[in-house]
Structures are given as structure tokens and as C-alpha cells.
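Colleague: need a structure here:
(one chain, ligands or ions: 1)
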Amino acid sequence: MLTIGLIKEGKVPADNRVAFTPHQCQWLQEQYPDLRIVVQSCPTRCFSDREYQAAGIKVQDNLEEADILLGIKEVPKELLIPGKTYFFFSHTKKKQAGNQALFRAILREKITLIDYECLTHEDGQRILGFGFFAGVVGAHNGIMAYGRRTGAFALGRVYQSKHFKGLIHTYFELRLPPLKVAVTGTGRVSSGVLEIMNLMGIKEVEPEEYLRRNYAYPVFAHLRGQDLYKHKLTGGYSRESFHLQPGEYACLFEPYLAQTDVLMNGIYWSADIPPLFMMEDMRKADFRIATIADITNDLKGSIPCNIGDSTMEDPVYGVDKQTGQKTAPYLQGSVDVMAVGNLPNELPRDASQYFGEQFIKFVLPELWKVRSDLLKRATMVREGQLTEGFRYLEDYAGLT
Ligand SMILES: NC(=O)c1ccc[n+]([C@@H]2O[C@H](COP(=O)([O-])OP(=O)(O)OC[C@H]3O[C@@H](n4cnc5c(N)ncnc54)[C@H](O)[C@@H]3O)[C@@H](O)[C@H]2O)c1
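Modeller: Here you go, the predicted model:
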């Protein structure tokens, strides 16, 4: 018998997502007679304890009996149960400073850590993620912020709709002015953004035409790798080479600065990838961007005026175009930035269901295998020891 425990999220502010919905738990227990699921009681989860109980799932405070613990966000180090196997997003594989103490505690407490972010298909594509719903919520918030700045239309908050379907209904009477939106990225986030563009009736146009024309209706251009970067020497673009050596590429976003009202940013970014623009560009008279939904959300990353996280409660801040200082949103002379790091929390029930479906399809069957390459690739720490693929974290882990 394998017992899986769904932990109560301990990070502050509390995350309301969960790895399996009550219905999924019920289904799993019916399908897998040798699987038991227990849920740690939690008052802030998007599914209540009562919903799990109504589905026949045991809710309790203590999860010592579980073999495997599933969370979502980083587990505070004081809540780790020594010797257990955990799955969660640890945000440690890039040596993120804020989670170093947690990573060291994981080693100290002889824990096995399988990081969701490292669960990949053989070709390196990630299996699990909340990107689609981050794209949905981020795109909504970006357009909402543009409406608030211009007064041209009003959109409510996503979390006021309990479900994605309910959100879609709020768009039926939406009349958008002729705005131009640039969408970057080709992953899950951008799929979510594109879904909202279509649902809001924003028409896709070719990047080249977007730069050349004005339109009497709202449009967006979807900028993929080859539209955004070119090799400094060859002038070409190869996805493989860009992923390996992004420093050899120059960014091509500059002409969009004068042609874009709203920027929806959903690219993957690391420090050696050139940013989409520079802080000084905001001082130029033809800098047209009024609103940036930085869904990628790296501090001073691909969007240099991302100068900190905003929150779900207060998702937009302004950045003064001359000084680069944070201001209140919607002021003249500033750019509005939406930089929320937990966007899917506005649609947590849909986001959790999607996450659970992917886990059940691709990861769960691996738990019974004597040898699973998929789990092996994603195991960062085994019983307190760094695994082969993560030896590069020795200094971060305090082993050197
Ligand atoms: N704000 C939020 O709430 C939130 C939520 C989810 C994701 N995100 C962030 O959004 C970004 C995009 O997420 P996603 O879910 O679309 O990711 P994804 O894995 O679905 O897609 C990422 C894209 O980047 C490309 N890519 C992968 N590795 C790369 C590399 N080394 N160099 C350059 N490109 C690479 C991939 O080919 C893919 O097209 C990530 O930075 C993620 O952390 C933010």
C-alpha cells in the first residue's frame, strides 16, 4: 500500500492550490486499490476539508504515516518531516538565494526531494506547471490595468469568478478600443495569454504588419524566438543554439516599443538572455507601452522595470519613466507593471485540476516502478544526498 499525503501549504502568503482535487482523490482511490490518499487539514485551500471528506478522503493534521508528500510551493524548513519523500516546487535548481536555507535543511533532514520543475519528458519538455492559468490571469490583469489607466472600459477581478468558464462569461459585453498588444513566449504561459486574446476578441496580426500599420480594432502580435532574437554574428536564429548560448544573441524588440500599448511577457528568461528593452528606453518620447503584464516575473529580468513583486490583492504598480522609481499605478509619466508571482491563485480550482490531471497521467504510474528514469531525472536529493545530476549545487548546499 502506498500512502500519499497532500500537505497544507506553509508558505506565507498562503497558496490556495493543491496537487489533487477531491474528485481526483476519489477517482484515484477507486482506480488504484493499493493507493491511499490522506489530506492535511487546511482552512485556506481552494477545496475545503469538507469537500475532501464528502469524497471519502481522510482529512487529518498529522501526515507521518504518508510515504510521499505532495505540496505546491516551497515547504518552510521548520515544517519538513525528516526522512520523507517530498514533491514540490523548491525553486532551488538555479541556486535561488531565498531558498538556500530550505535546501540545506532538506539535506540535513535526510529528505528525498523530487522537484516538479525537473519532471520532464525525455526531450526535456516539462511535464507539470501552472503556466497556462498564469497566462490566463496575467493577460486578464494586463487588459484590466489598461482599462483602468485609460478609462475606456472596465474589467473586474478574475478571482470574482469561481471558475474559468465563469470568467469567460464576463467578456461577452466587453468592448475594447483599438489597442495593440505584443505577446512574447511560446510555452504554457503564452498559450494562456493567447486564449484570453481570442476570448476577448483581440485579433492576431503578423508582427511585420503590426509594426507597419495602425488598426481600427484591437490586435495582438505573437512574438516567437525568431521574432525576438538574432545571432549577433550570423543574423540567424536557432532555438537549440539560443537555449545553449543566449549571450550570443541580440534582442529585436526595440521597434515594438513605439508600436505597443500593452506588453504581455511570457518568455523563459535567465541572466544571460538579453532583456526586451533597457530602462533608458522608457525616457524616449516614442516609448508607447502603457501597461506591462510581466507574467514571466523575474525581478529586473527580461522586463527591466519589473522592480519587485506585486500581490494578488494589489496587482499593479507604476514605474516613473524618467526616474525608474516605483509610483502609484495609472499616473501620467509612468508605466504600469503587473508582476504577480502566484497568478494561478486567482483561478485555483481550475489550476489545481489541470495540475492533478498531468500528474496522474504522466507521473503517478512511475511511483510503482522499481526504476523510473523520469523520477530519477527529477530527484534533486535522495535521503539527504545530492544526486548525480545536481552535483553542481554542492556549494549552494554547503557541501564545499
Ligand atoms: N507569474 C506567475 O504566476 C508564473 C506562473 C507560471 C510560470 N511563470 C513563469 O513564466 C515563464 C514561462 O513559463 P511557461 O510555463 O510558459 O514555461 P514553459 O516551460 O511552458 O515554456 C518555456 C518556453 O521557454 C523555452 N525555453 C525553455 N528553456 C529555455 C532556455 N534555457 N532558454 C531559452 N528558452 C527556453 C521553451 O522552449 C518554451 O518555449 C517562466 O519563467 C515561469 O517561471 C510565472
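Colleague: average pLDDT for stretch 255-263?
Modeller: On average, the pLDDT along stretch 255-263 is 98.
Colleague: would you put the C-alpha positions of it in PDB?
Modeller: The C-alpha atoms that make up stretch 255-263 are tabulated as PDB, following Å, rounded to 0.1, in the frame of the first residue of the first chain:
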ATOM      1  CA  PRO A 255      10.800  48.700 -32.800                       C
ATOM      2  CA  TYR A 256       7.800  47.300 -30.800                       C
ATOM      3  CA  LEU A 257       8.400  49.900 -28.100                       C
ATOM      4  CA  ALA A 258       6.900  52.600 -30.300                       C
ATOM      5  CA  GLN A 259       4.000  50.400 -31.600                       C
ATOM      6  CA  THR A 260       2.700  48.700 -28.400                       C
ATOM      7  CA  ASP A 261       0.100  49.700 -25.800                       C
ATOM      8  CA  VAL A 262       0.200  46.600 -23.700                       C
ATOM      9  CA  LEU A 263       3.100  44.100 -23.400                       C
END
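Colleague: Tell me, how many residues neighbour Arg391?
Modeller: Number of residues near Arg391 (other Cβ atoms under 10 Å) recorded here: 10. Heads up, the C-betas are built off the backbone N, CA and C, glycines and all.
Colleague: Check what pLDDT it gets.
Modeller: If you check Arg391, the pLDDT there is 97.
Colleague: That one in helix, strand or coil?
Modeller: At Arg391, secondary structure determined by DSSP: H, G, I helix; E, B strand; the rest coil is helix.
Colleague: Please determine how far it is located from the ligand.
Modeller: 20 Å (Cβ to the nearest ligand atom, to the nearest Å).
Colleague: Run through the residues that contact that residue.
Modeller: By Cβ atoms under 8 Å, 6 or more residues apart in numbering, the contact list for Arg391 is empty.
Colleague: how about 10 Å then?
Modeller: With contact taken as Cβ atoms under 10 Å, 6 or more residues apart in numbering, Arg391 is in contact with 397, 399.
Colleague: And it, how far from Gln385?
Modeller: 10 Å (Cβ to Cβ, to the nearest Å).
Colleague: intersection of neighbour lists for these two?
Modeller: In contact with both Arg391 and Gln385: 397, 399, using Cβ under 10 Å, 6+ apart.
Colleague: ok, the residue nearest to Thr85 when sequence neighbours are not counted - how many residues close by?
Modeller: Closest residue to Thr85 apart from its sequence neighbours, by Cβ to Cβ, 6 or more residues apart in numbering: Thr112 at 4.2 Å. By the criterion of other Cβ under 10 Å, Thr112 has 20 neighbours.
Colleague: Against Ser302, how distant is Thr112?
Modeller: Distance from Thr112 to Ser302, by Cβ to Cβ: 34 Å.
Colleague: Excluding chain neighbours, give the residue nearest to the most centrally placed residue in the chain in space.
Modeller: Per Cα atoms, centre = their mean, the C-alpha nearest to the average position across the chain is that of Gly131, at 4.5 Å. Spatial nearest neighbour of Gly131, chain neighbours left out: Arg188 (2.9 Å); criterion: Cβ to Cβ, 6+ apart.
Colleague: Next up, phi/psi of Gly308, please.
Modeller: Main-chain torsions, Gly308, degrees, to the nearest 10: phi 150, psi 160.
Colleague: need the residues of the protein near the ligand, please.
Modeller: Contact residues (Cβ under 6 Å from any ligand atom) of the chain with the ligand: 126, 129-131, 134, 185-189, 243, 246, 266, 268-269, 295-297, 340-343.
Colleague: residue ranges with poor pLDDT in the protein?
Modeller: For the chain, no stretch is flagged by pLDDT under 70.
Colleague: what residues go with each domain of it?
Modeller: Domain ranges of the chain: 2-111+348-393, 131-346, per automatic domain parsing.
Colleague: Next, format those domains as CSV and append distance to Leu119.
Modeller: Converted to CSV, the domains of the chain look like this (distance: least, Cβ to Cβ, whole Å):
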stretch, distance to Leu119
domain 2-111+348-393, 4
domain 131-346, 14
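Colleague: the helices in the stretch 51-200 of the chain, which residues?
Modeller: Remark: helices assigned in the stretch 51-200 of the chain by DSSP state H, counting those that start in this stretch are 100-108, 131-150, 164-169, 188-199.
Colleague: deepest of these, which one?
Modeller: Highest mean neighbour count of the helices of the stretch 51-200 of the chain: helix 131-150, a mean of 25 (counted as mean count of other Cβ atoms under 10 Å).
Colleague: What residues does Met278 make contact with?
Modeller: 251, 254, 304-305.
Colleague: re the thing from before, just the buried residues out of the residues of the chain next to the ligand, in ChimeraX syntax.
Modeller: Here is the ChimeraX selection string for the buried members of the residues of the chain next to the ligand, based on 16 or more other Cβ atoms under 10 Å:
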select :126,129,130,131,134,185,186,187,188,189,246,266,269,295,296,297,340,342,343
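Colleague: Adding distance to Lys326 as columns, could you present the helices of the stretch 51-200 of the chain in JSON lines?
Modeller: Output for the helices of the stretch 51-200 of the chain, formatted as JSON lines (distance: least, Cβ to Cβ, whole Å):
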{"stretch": "helix 100-108", "distance to Lys326": "27"}
{"stretch": "helix 131-150", "distance to Lys326": "15"}
{"stretch": "helix 164-169", "distance to Lys326": "29"}
{"stretch": "helix 188-199", "distance to Lys326": "24"}
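Colleague: How many residues are close by Met279?
Modeller: Using other Cβ under 10 Å, Met279 has 15 other residues around it.
Colleague: Could you pull up the residues touching it?
Modeller: With contact set as Cβ under 10 Å, 6+ apart, Met279 has these partners: 300, 304-305, 307, 319, 321, 323-324.
Colleague: Fine by me, we can end here.
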